[in-house]
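[1] after the sequence you'll find the predicted model.
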Amino acid sequence: MVAVSAYAAWLVWTDAPAYRFAYRLFHDNQYMKDKLVEWGAAAPIIFILIQALQVVIAPIPGEVTGILGGFVFGQWLGLLYSTIGLTLGSLLAFALGRWLGDAYVRNLVSEETWNKLGFIVEAEGTILCFIIYLIPGLPKDMVCYLFGMSPMPLWVFTLVSTLGRIPGTWVLSAQGAHTAAGNYLQVMLLTAIVVAAALPLYYFRDRIMGWFRSRSS
C-alpha cells in the first residue's frame with residue numbers, strides 16, 4: 001500500500017502522461033464519454049473500473065458517472081455496470097477501512113463527516129446501513145471506510161449497501177439513457193418525481209442520523 005501511494009505521488013509530482021490522462025478522464029465528462037465509445041467492447045470493463053475508483057478515491061461525483069453509464073450503455077446495462085463497479089469500489093473501501101484502521105480513516109474523512117457519522121464504527125445495524133445509502137446528500141463513499149471499522153460482517157455490508165444504492169443508481173442511469181434518446185420531457189418528469197420523493201429525506205437527513213447516533217450511544 002505504501003509503495004502504491006508513493007508511485008501515485010510520483011506520477012502526480014512528475015506530471016506523467018498517465019496522470020494527465022487519468023486527470024482528464026475523471027474531470028472532463030465529454031472526454032470520458034468519447035473514450036468509452038472509442039474503447040468499444042472493452043468499454044463496460046473500463047467503465048466498471050471507473051465506477052469502482054470513484055468510490056475509493058472519489059475524484060468526481062458518482063452522479064456524473066451514473067448518468068454517463070445510462071447515456072453510453074442504456075438504462076439497464078448502465079444500471080448493471082454501475083452497480084457492479086460501485087459494489088467493487090465499496091468493498092475495496094470497506095476492506096481498506098478494516099485493514100488500515102482508525103488513523104488512516106480519520107485522516108481520510110473530513111472532520112464534519114466524522115462528527116456526524118463517526119458513530120458508525122460502533123454500529124452493526126443493517127437498517128442503518130441501508131438508510132444511509134438510500135438517503136441523498138450523505139457521503140456514501142466515505143461511509144464505506146467507516147463501516148469497514150465497524151463490527152459489520154463483509155457479506156452483510158455488501159448486500160445492504162448494494163441494495164441501498166440501486167434506487168439512486170437506477171434514476172441516474174435512466175436520466176442518462178433518456179437524455180441520449182432525446183426524451184427530454186421524460187428526463188424532466190423523472191427528475192421532478194425523484195426530487196419530490198427525495199427532498200424530505202434530504203431535508204431531515206441530519207435528524208435521522210442524529211436519531212441513530214443517540215440510539216448507539
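    Right, received. Where do you want to start?

[2] ok, L36 touching G70?
    No: the criterion here is CB atoms under 8 Å, and L36 misses it with G70 at 12.0 Å. Heads up, the C-betas are built off the backbone N, CA and C, glycines and all.

[3] of those two, give the one with the bigger neighbour count.
    More crowded of L36 and G70, by other CB atoms under 10 Å: G70, with 28 against 21.

[4] now D206: how far from R213?
    D206 is 10 Å from R213, where distance means CB to CB, to the nearest Å.

[5] which stretches of the chain have low pLDDT?
    For the chain, the stretches flagged by pLDDT under 70 are 1-33, 35, 58-62, 124, 217.

[6] for the longest helix anywhere in it, name the packing helices and strands.
    Ordering each helix of the chain by length in residues (DSSP state H) puts helix 75-108 first. Contact here means 3 or more CB pairs under 8 Å, 6 or more residues apart in numbering; DSSP states H and E; on that basis helix 75-108 packs against helix 43-56, helix 62-73, helix 140-148, helix 154-180.

[7] now the element after that helix, going C-ward?
    Next along the chain after helix 75-108, taking DSSP states H and E as the criterion, comes helix 111-117.

[8] contacts for that following helix?
    106, 132, 138-139, 142-143, 146, 206, 209, 213 (CB atoms under 8 Å, 6 or more residues apart in numbering).

[9] how about it as CSV, C-alpha atoms only?
    The C-alpha trace of helix 111-117 is given here as CSV (Å, rounded to 0.1, in the frame of the first residue of the first chain):
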residue,chain,number,x,y,z
GLU,A,111,-14.0,16.4,10.5
GLU,A,112,-17.6,17.3,9.7
THR,A,113,-18.2,13.8,8.4
TRP,A,114,-16.5,12.2,11.4
ASN,A,115,-18.6,14.3,13.8
LYS,A,116,-21.8,13.4,12.1
LEU,A,117,-21.2,9.8,11.1
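
[10] which residues touch S173?
    S173 sits in contact with 66-67, 69-70, 75-76, 78-79, 82, where contact means CB under 8 Å, 6+ apart.

[11] just to revisit the earlier point, and the helices and strands packed on helix 75-108: which comes nearest L92?
    helix 43-56 (5.3 Å; CB to CB).

[12] give me the buried positions along the closest one.
    Neighbour counts over helix 43-56 (16 or more other CB atoms under 10 Å) mark 43-44, 46-48, 50-56 as buried.
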